[in-house]
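Enquirer: return atomic coordinates for the entry below.
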Amino acid sequence: MPAITIDETLCIKDGLCSTICPMQIITPPKGEIPPEPKPEFSKWCTSCGHCVSICPTGALSHSSMNPDQCPTADYKLIPGPDQFEHILRLRRSIRRFKKTPPEKEVIERLISMAGYAPSGHNFQPVRWQVFTNRDDLNQLVDMVCDWMKHMLNEMPEAPHAPVFKEVVKAWNEGKDLVLHEAPCLVLAHSRIQTGTEPTDAAISLAYLDLAALSLGMGCCWAGLFTMAAKLWEPFGQFLDLPKGHQLHGAMMVGYPKLKFQRLPVRNHPEIQWR
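Expert: The predicted model follows:
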């Protein structure tokens, strides 16, 4: 049950916790110590941590976290706009990986970094599944190709048919165009409760994609795999997701075999000002 406690010896009565609370359920006027939370606090508090993060003296603790667990913000570590734009432009979809899979500890840190992505009502619903065994990864590609063969039989004239034919042909010839022989595949899944979970997962995967660069790794969204895994029944048993969970997306992850030397251009954004 969410709750806050105040160290009255540290509280400077600045009212910042009340000002920053997204749900407006911390209610002290400026100049007073926050009172015992009202009953609705437990109902509406999202445990976002804003109140703990904003307090300059560390006087406020939340039942989900205390100031000692929250490192001090260092704004000097924020890259400038030129540096940050460089990071965004340097991020590439990697499809040529070194065979050695990333160490378990590195993948755990990567997923932990992705966990800082925002989510609806701070529910943090995304759960993860990681494949690094080569036999399992090859079996996943096999299953995707089986689905593609089924789709080609059912809808041979569909727009996606030419792509599916090439992917299946390549796999039969020993070339993987589904996962590109990535040494690691990371899946994001969750239970559907509020309807924001697919978006929450997409944001988390985008965070993971960007964070990989800082760890010397590269990623690529596994779109063909995700499409097949959502539609082809055999995947259900093989993935064995928790009951009630749905797959939202997947990312190939590994150490890039090659380094890009230029930052390609993108279309100029179309903006409607109102």
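Enquirer: next, the buried residues of the least confident helix or strand in the chain by mean pLDDT.
Expert: Within the chain, no helix or strand scores below helix 40-44, which has a mean of 77 by mean pLDDT, DSSP states H and E. Within helix 40-44, the residues that qualify as buried are F41, counting by 16 or more other CB atoms under 10 Å. For glycine as for every other residue, the C-beta is placed from the backbone atoms N, C-alpha and C.
Enquirer: and the contacts of it?
Expert: Helix 40-44 is contacted by residues 1-4, 23, 25-26 when judged by CB atoms under 8 Å, 6 or more residues apart in numbering.
Enquirer: out of those, which comes closest to L247?
Expert: Nearest to L247 among those is P2, at 30.4 Å by CB to CB.
Enquirer: ok so, going back, state the next helix or strand along the chain beyond the least confident helix or strand of the chain.
Expert: Per DSSP states H and E, the first helix or strand lying C-terminal to helix 40-44 is helix 50-54.
Enquirer: distance of I192 relative to A201?
Expert: Counting by CB to CB, to the nearest Å, the gap from I192 to A201 is 11 Å.
Enquirer: residues of stretch 62-74 that come out buried?
Expert: By neighbour count on 16+ other CB under 10 Å, the buried set for stretch 62-74 is 62, 64, 67.
Enquirer: from those, which land in strands?
Expert: Cross-referencing the buried residues of stretch 62-74 against strands under DSSP state E gives H62.
Enquirer: which strands or helices does the helix or strand harbouring A170 pack on?
Expert: Under the criterion of DSSP H and E, A170 resides in helix 161-172. On a contact count with 3 or more CB pairs under 8 Å, 6 or more residues apart in numbering; DSSP states H and E, helix 161-172 meets helix 134-154.
Enquirer: check which helix or strand the closest residue to I192 other than its chain neighbours maps to.
Expert: Nearest non-adjacent residue to I192, counting by CB to CB, 6 or more residues apart in numbering: Q246, 5.9 Å away. Per DSSP H and E, Q246 falls inside strand 245-254.
Enquirer: for that strand, name the packing helices and strands.
Expert: Applying 3+ CB pairs under 8 Å, 6+ apart, one finds that strand 245-254 contacts strand 184-191, helix 197-214, strand 218-221, helix 223-231.
Enquirer: just give me how far the first one sits from the chain centre.
Expert: Right, the one you point to is strand 184-191. 9 Å (CA atoms, centre = their mean, to the nearest Å).
Enquirer: which one is M252 nearest to, not counting chain neighbours?
Expert: Leaving aside its sequence neighbours, M252 sits nearest to A182 (CB to CB, 6+ apart; 3.6 Å).
Enquirer: if we can go back for a sec, next one: the residue nearest to I192 from A188, what distance?
Expert: 10 Å.
Enquirer: who touches M143 in this structure?
Expert: Here M143 is in contact with 228, 232, 234-235, 238 (CB under 8 Å, 6+ apart).
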